[in-house]
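Chemist: Got a sequence here, can you model it:
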Amino acid sequence: MRVEHAGHDITVVGGGLAGVCAAIAAARLGRTVALINNRPVLGGNSSSEVRVWVVGATSHGDNHYAREGGIMGELFVENQYRNPQGNPYVWDTVVLDAVRAEPNISLYLNTDVRDVDAGGPPEARRIHAVTGWMMGSERLIHFSSPIFLDCTGDGLIGHLAGAEYRIGREAGGEYGEPWAPAEADDITLGSTLLFYTKDAGEPVTYVAPSFAKDITRTSIPQQRLIRAGDNGTAYWWIEYGGELDTVHDNDVIRDELWSVIYGIWDHIKNSGRFDADTMTLEWVGAVPGKREYRRFIGDYVLTQNDIMGQTEFPDRIAFGGWSIDMHPPQGMYATEAASKHLHPDGVYHIPYRCLYSVNTTNLLFAGRNISASHIAFGSTRVMATCATLGQVAGTAAVLCLDRQVAPRELDVGQLQQSLLRSDASLIGVAAADPADQARAALVTASSTLDGIDVTEPGEPWPLTADAGIVLPVDPVLTGLELLADAAETTTLVVELHDPGLGQNYVPGTLIDTAEVPVVAGARQWVRLPLEWTPPTARNAFLRLRANRAVTLHVADTAVPGVLSLTHVPPATDPTERQPVLEWKSAALRRRTFCLRTGPTAAYSADKVVDGYLRPFAGPHLWTSRPLATDGEPWLQLAWAEPVTVSRIEIIANDDVNEDLINLPHHRMPFTLMPTLVRDYRIEARAAGAGWQPLVSVAGNRQRRRTHSFAAPIVTDRIRVVVTATNGTGSAQLIAVRAYA
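Modeler: This next block holds a predicted model:
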């Protein structure tokens, strides 16, 4: 055995996506980081050892413009390029490459931290060091640093340090949560094992092991969906252990899950009820994917009411959007549904106060162990949300060290701005970086999309159900026209709604209603007499009431900030309606109802310096006219006096409305995000000289690109010239930044 001592600025324990993003964030800000993981691969439940897909605020497409950004966004986009088939081993390499790209990270795999050196009074504990055993290498390593991040999921580090936490469900009266039980208990969500199958191309027999359970003697065949061709997370409901101790009974839970998996496969292969003669097992998990254990106590506990009310916390630092997703304690043996879901009207905010310990002064946490009630945890626990919190925790740790303050004392405004500088996932907060000289520039462009004009009809769309259209309103909505057919003279009823919050895309407050006469005829432009001038830029939601005499037309094109939706009547009690489940975009994804509007400033050039890096009450990006009419669109920054520039950052549009995923769930029709600029050049104009090239980029596939220059440039004009995109018909940029 070898004993070692490792000192770093920051120690991150846990190599799931929360820990990975925390370590990368801190390393990019110049601090040395120890990233410690007790498994041989990174990624936690998303890794090839467990194979749970990474889901988050998009909620499988129920929420719009909600895919996570920042480091998690980079992983999504890179995986889509490298791994469109969703191979779990390739996903492992995407995550590992991202960590190894940061020279400030020291990675310790197969290292199980089991001892924490902490001291101080109960109300102000402090961690001095943690000790890990590196399996296979027989190395006992003592890790010391001024600040520690518990990203273990189970919360072992904080527990050993004496940080306050909870396990189980709070009583409904504690936080006034309608979904909480009447009495508190220690019930948690259970754990899951998954399995993969394949077609061997020839008959394959299967002899079940002795421990396989006869599932026909359980409620499983009657209550759960079993199909021969399903794989992986399609069997998320193979869940057990909610009434046990998720950690201390881990082996008991694993054995029970194994018995059911092999029993399910015996049922599929040998019951005669399935077409599975040539099917065989390809992989069975051995590491239970845990959902829940300790939840630390911070200065704030996120609750069901915060999620459903979309509370706008002043210290918001990330967002979530997965439904509140609760499972019965009996898991796969429950006779009720395997899960129940409660969706807010859009994404919600998570406050910084949920990410540090109320009684341990140098501890931050990220992942499923943050300060949240059991009910709120039902949403925050999913991995893409955990990853965004990891980036926050890693960034906060660096700022605490830089300013020599405890996490509780950190200036949240500074944290928010630091996160925005790194393109992290905040909603409704604008960047205001005083070092960014682009903010003082006059921004112009060769052309701008100054109105929505979708006129090339493709598929006809009979209006047999209500349809919805979301449009940006900036500063006024006027001149609305729809392309429609009418089988007979009729009246089209149209409602104009204000969705309210900038991140919502469902009907909200009714602004106006119009009854529009439509004469019989084909492909006629129907003018909608609706106008709206809200006090600030907003989204408008148009609801077109069903009319079987009317057919709309759908164009095979997408416009930033414009959504086309169809209404699905709720199947539940009308008093429990969840609007995001009623308005579906799947059949209309990347397509738009043919329509025209009056002038809009929603795509103007100055959007690249307005500080918003994500859609919020509008798309917040510059969009050129179609490339067919503006062959090499450019965007220009001009200053009244010359400035010195040594670094330029470009943030392109990676279309966060696309629901990317790391493992098989759905396939995308592309590997490169079509909306990203592919080829571009940056030019500068110096006094007394013409335009000089600074950099030329070909084959870009990233959202954020940074270009640094060895010799600073003195200039009064900089422009970005887009020569090609990855597929979309116009140039689209979210931000251009210039630093001395």
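
Chemist: Would you mind finding the longest strand in this protein?
Modeler: strand 704-725 (DSSP state E).

Chemist: For Pro517, list each beta-bridge partner.
Modeler: Thr491 (DSSP bridges).

Chemist: just to revisit the earlier point, for the longest strand of the chain, packing partners?
Modeler: Here strand 704-725 touches strand 634-652, strand 677-685, strand 691-697, strand 732-739, going by 3 or more C-beta pairs under 8 Å, 6 or more residues apart in numbering; DSSP states H and E. In short, each C-beta sits where N, CA and C put it, glycine included.

Chemist: and stretch 12-25, how far from the chain's centre?
Modeler: 16 Å (C-alpha atoms, centre = their mean, to the nearest Å).

Chemist: coming back round to it: in the longest strand of the chain, which of the residues would be classed as buried?
Modeler: Using 16 or more other C-beta atoms under 10 Å as the test for burial, strand 704-725 gives 704-705, 713, 715-723, 725.

Chemist: Please save the CA atoms from that strand in CSV.
Modeler: Extracted C-alpha coordinates of strand 704-725, given in CSV (Å, rounded to 0.1, in the frame of the first residue of the first chain):
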residue,chain,number,x,y,z
ARG,A,704,-19.3,29.1,-28.1
ARG,A,705,-16.0,29.9,-29.8
THR,A,706,-13.2,32.1,-28.3
HIS,A,707,-10.5,33.7,-30.4
SER,A,708,-7.5,35.2,-28.7
PHE,A,709,-4.8,37.2,-30.4
ALA,A,710,-1.1,37.2,-29.4
ALA,A,711,-0.8,40.9,-30.3
PRO,A,712,-3.7,43.2,-29.3
ILE,A,713,-5.6,44.9,-32.1
VAL,A,714,-6.5,48.6,-32.1
THR,A,715,-9.6,49.1,-34.1
ASP,A,716,-12.9,51.0,-34.4
ARG,A,717,-14.7,48.3,-36.4
ILE,A,718,-15.0,44.6,-36.1
ARG,A,719,-17.3,42.4,-38.1
VAL,A,720,-18.2,38.7,-38.3
VAL,A,721,-18.8,37.5,-41.8
VAL,A,722,-20.8,34.3,-42.1
THR,A,723,-20.1,32.3,-45.2
ALA,A,724,-22.0,29.1,-44.5
THR,A,725,-24.2,27.5,-41.8
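
Chemist: now that strand: mean pLDDT?
Modeler: The predicted model gives strand 704-725 an average pLDDT of 96.

Chemist: Parallel or antiparallel, list what pairs with it.
Modeler: strand 634-652 (antiparallel), strand 677-685 (antiparallel).

Chemist: so what are the domain limits for the chain?
Modeler: 2-169+292-421, 191-284, 437-447+604-739, 451-599 (automatic domain parsing).

Chemist: can I get those in a markdown table with distance to Val429?
Modeler: A markdown table is the format used below for the domains of the chain (distance: least, C-beta to C-beta, whole Å):
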| stretch | distance to Val429 |
| --- | --- |
| domain 2-169+292-421 | 6 |
| domain 191-284 | 33 |
| domain 437-447+604-739 | 8 |
| domain 451-599 | 11 |
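
Chemist: Tell me which of these sits most buried.
Modeler: Of all the domains of the chain, domain 2-169+292-421 carries the top mean neighbour count, a mean of 22, counting by mean count of other C-beta atoms under 10 Å.

Chemist: quick one, what contacts Leu149?
Modeler: Going by C-beta atoms under 8 Å, 6 or more residues apart in numbering, Leu149 touches 10-14, 19, 22, 363-366, 393-394, 397.

Chemist: Specify the beta-bridge partners of it.
Modeler: Under the criterion used (DSSP bridges), Leu149 bridges to Val12, Leu364.

Chemist: follow-up on the earlier one: farthest pair within the buried residues of strand 704-725?
Modeler: Spatial extent of these (C-beta to C-beta) is set by the pair Asp716 and Thr725 at 28.4 Å.

Chemist: so Thr233 touches His666, yeah?
Modeler: No. Using C-beta atoms under 8 Å, Thr233 is not in contact with His666, being 11.8 Å away.

Chemist: quick revisit: out of the helices and strands packed on strand 704-725, flag the one nearest Thr303.
Modeler: strand 732-739 (32.8 Å).

Chemist: from the contacts of Leu149, which is closest to Pro122?
Modeler: Nearest member of the contacts of Leu149 to Pro122, counting by C-beta to C-beta, is Leu363, at 13.8 Å.

Chemist: Would you quantify the distance from the closest one to Ala640?
Modeler: 49 Å (C-beta to C-beta, to the nearest Å).

Chemist: now swap in Val518 and tell me
Modeler: 53 Å.

Chemist: Over to Asp411?
Modeler: On the measure of C-beta to C-beta, Asp411 and Ala640 end up 32 Å apart.

Chemist: Shouldn't Arg408 be within a helix?
Modeler: Yes. Assessed by DSSP: H, G, I helix; E, B strand; the rest coil, Arg408 belongs to a helix.

Chemist: one step back: out of the strands paired with strand 704-725, which is closest to Pro203?
Modeler: strand 677-685 (48.5 Å).

Chemist: What angle do strand 691-697 and that closest one make with each other?
Modeler: Comparing the axes of strand 677-685 and strand 691-697 via axes from the mean of the first three to the mean of the last three C-alpha atoms, to 10 degrees yields an angle of 150 degrees.

Chemist: can you pull the contacts of Ala25?
Modeler: Gly70, Ile71, Gly390, Gln391, Val392, Ala393, Gly394, Thr395, Val398, Ser422, Ala424.

Chemist: Restricted to strands, list those residues.
Modeler: Those of the contacts of Ala25 lying in strands (DSSP E): none at all.

Chemist: Out of those, which is nearest to Ile157?
Modeler: Among the contacts of Ala25, and counting by C-beta to C-beta, the member closest to Ile157 is Ala393, at 12.8 Å.

Chemist: Distance check, the closest one against Phe148.
Modeler: Taking C-beta to C-beta, one finds Ala393 at 10 Å from Phe148.

Chemist: who touches both of these two?
Modeler: Common neighbours of Ala393 and Phe148 (C-beta under 8 Å, 6+ apart) are Leu364.

Chemist: Quick check: bridge partners of Glu4?
Modeler: The partner residues for Glu4, given DSSP bridges, come to Ile141.

Chemist: Surely Glu481 is in contact with Gln524?
Modeler: No. Using C-beta under 8 Å as the test, Glu481 is too far from Gln524 to be in contact (9.7 Å).

Chemist: Distance to Gln223 and mean pLDDT for the strands paired with strand 704-725 - can I get that in TSV?
Modeler: Below are the strands paired with strand 704-725 laid out as TSV (distance: least, C-beta to C-beta, whole Å; pLDDT from 0 to 100):
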stretch	distance to Gln223	mean pLDDT
strand 634-652	47	97
strand 677-685	49	97
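
Chemist: mind putting those strands in JSON lines, distance to Ala208 included?
Modeler: Output for the strands paired with strand 704-725, formatted as JSON lines (distance: least, C-beta to C-beta, whole Å):
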{"stretch": "strand 634-652", "distance to Ala208": "53"}
{"stretch": "strand 677-685", "distance to Ala208": "53"}
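
Chemist: Relative to Leu35, which of those is closest?
Modeler: Nearest of those (C-beta to C-beta): strand 634-652, 26.0 Å.

Chemist: quick one: the closest one to strand 732-739, angle?
Modeler: Using the same axes, to 10 degrees: strand 634-652 against strand 732-739 is 90 degrees.

Chemist: Can I get strand 634-652 in CSV? Just the C-alpha atoms.
Modeler: Presented in CSV, the C-alpha positions along strand 634-652 are these (Å, rounded to 0.1, in the frame of the first residue of the first chain):
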residue,chain,number,x,y,z
TRP,A,634,-22.1,40.2,-41.7
LEU,A,635,-22.6,41.7,-38.3
GLN,A,636,-20.5,44.8,-37.3
LEU,A,637,-19.5,46.3,-34.0
ALA,A,638,-18.5,50.0,-34.4
TRP,A,639,-17.0,52.3,-31.7
ALA,A,640,-16.8,56.1,-31.7
GLU,A,641,-13.1,55.8,-30.7
PRO,A,642,-10.7,53.0,-31.4
VAL,A,643,-10.5,50.2,-28.8
THR,A,644,-7.9,47.6,-28.0
VAL,A,645,-9.1,44.0,-28.5
SER,A,646,-7.2,40.8,-27.7
ARG,A,647,-10.1,38.4,-27.5
ILE,A,648,-13.3,37.9,-29.3
GLU,A,649,-16.1,35.5,-28.4
ILE,A,650,-18.8,34.2,-30.6
ILE,A,651,-21.9,32.5,-29.3
ALA,A,652,-23.9,31.0,-32.2
